[in-house]
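> have a look at this prediction, sequence included:
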Amino acid sequence: MSEPTSPTARSVLITGGSRGIGRGLAQRFAAAGHKVATTSRSGEAPEGVLGIACDITDAGQVDAAFTEIEQAHGPVEILVANAGITRDTLLLRMSDEDWDAVIATNLTGAFRVVKRATRAMMRQRFGRVVLISSVVGLLGSAGQVNYAASKSGLVGLARSLTRELGGRGVTANVVAPGFIETDMTAELSEEQVKAYLAQIPTGRLGTIDDVADTVAWLTGDGAGYVSGAVIPVDGGLGMGH
C-alpha cells in the first residue's frame with residue numbers, strides 16, 4: 001500500500017478502528033510511521049496501534065480516551081471519524097430506538113470526538129478532520145432512513161466546522177464510500193453483488209485501499225487548501241449528488 005503524502009509523523013485517531021475500513025486506515029497510517037490510536041467498543045486494534053475501548057455515545061468515555069491518547073502520543077492532529085452502526089428497516093417499522101441508536105453513534109458520536117479533538121488543533125493551528133460518510137447519505141436508500149440521515153448530517157458538520165476553524169489551520173472534509181469490499185459485503189449473496197455492480201459505472205466494488213488513498217491525501221500536506229469538500233469513493237455510483 002502507498003503511504004500518506006505527509007512526511008511528518010502525526011498523532012492520528014481513527015474511531016471504529018477494530019475492523020473494516022477503520023482497521024485498514026489504521027494499518028495504512030501506522031505503516032507510514034504515524035502514531036496511531038483507534039477506538040472501538042472492543043478496544044481491538046491492529047498490531048502497532050494503540051487500541052482503546054470506548055463507546056463514543058458516552059461523553060465520559062470519549063474524554064477518557066482522548067486523555068489516554070494525549071499521554072501516549074500527544075494531542076490528536078489527524079482525526080478520522082469512522083465509527084458507525086446500522087439498524088436497517090423500513091420507515092413504518094422503524095422504532096424510536098432504531099433511530100436514536102444510529103443517530104447517537106454515527107452523528108452525535110462524530111460531533112463529540114470532533115469537538116474534543118479540535119481543542120488542541122486550534123491551539124496548534126493545525127488539524128485534519130475527515131468524516132467517513134456514505135454514498136447512502138447522498139443518494140438515500142430504502143430501509144435506511146436513520147443511517148442516511150446520520151451520514152448526510154456529517155456534510156453539514158464538516159462544512160460548518162470549516163467556516164468556524166478554517167482560519168486556524170484546521171481542515172474538515174467528508175469521504176463518502178460506496179460499496180466497499182469488507183467483511184460486511186462478503187456476506188452478500190452473489191445475486192446481491194451482481195445487482196450492485198450493475199449500478200456502478202466502474203463495474204467493481206471498491207477496496208479499503210481506495211478509501212485509504214483518499215483519506216491519506218486529505219490528511220497530508222498536499223491537501224491543506226481543501227476543506228468542506230465531499231469526496232465520493234464509489235466508482236461513480238452517486239455522481240451528480
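That came in fine, so what should we check first?

> look through this structure and tell me its longest strand.
As assigned by DSSP state E, the longest strand anywhere in the chain is strand 170-177.

> packing partners of the worst-scoring helix or strand of the chain on mean pLDDT?
The weakest-scoring helix or strand in the chain, judged by mean pLDDT, DSSP states H and E, is helix 183-186 (a mean of 73). Using 3 or more CB pairs under 8 Å, 6 or more residues apart in numbering; DSSP states H and E, no helix or strand is in contact with helix 183-186. For every residue, glycine as well, the C-beta is placed using N, CA and C.

> which residues does the next helix or strand after it contact?
Once helix 183-186 ends, the next helix or strand along the chain (criterion: DSSP states H and E) is helix 190-197. Contacts to helix 190-197, defined as CB atoms under 8 Å, 6 or more residues apart in numbering, come from residues 179, 185, 188, 203-205.

> in helix 190-197, which residues are buried?
Within helix 190-197, the residues that count as buried by 16 or more other CB atoms under 10 Å are Y196.

> so what's L50 bridging to?
Residues in a beta bridge with L50, per DSSP bridges, are A37.

> that one touches T39, doesn't it?
No. Judged on CB atoms under 8 Å, L50 makes no contact with T39 at a distance of 9.6 Å.

> which residues in the chain form helices?
Taking DSSP state H as the criterion, the chain contains helices spanning 20-31, 59-73, 96-103, 109-124, 136-139, 145-165, 183-186, 190-197, 208-219.

> CSV for those, including distance to R10?
CSV is the format used below for the helices of the chain (distance: least, CB to CB, whole Å):
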stretch, distance to R10
helix 20-31, 8
helix 59-73, 9
helix 96-103, 30
helix 109-124, 11
helix 136-139, 27
helix 145-165, 17
helix 183-186, 28
helix 190-197, 35
helix 208-219, 8
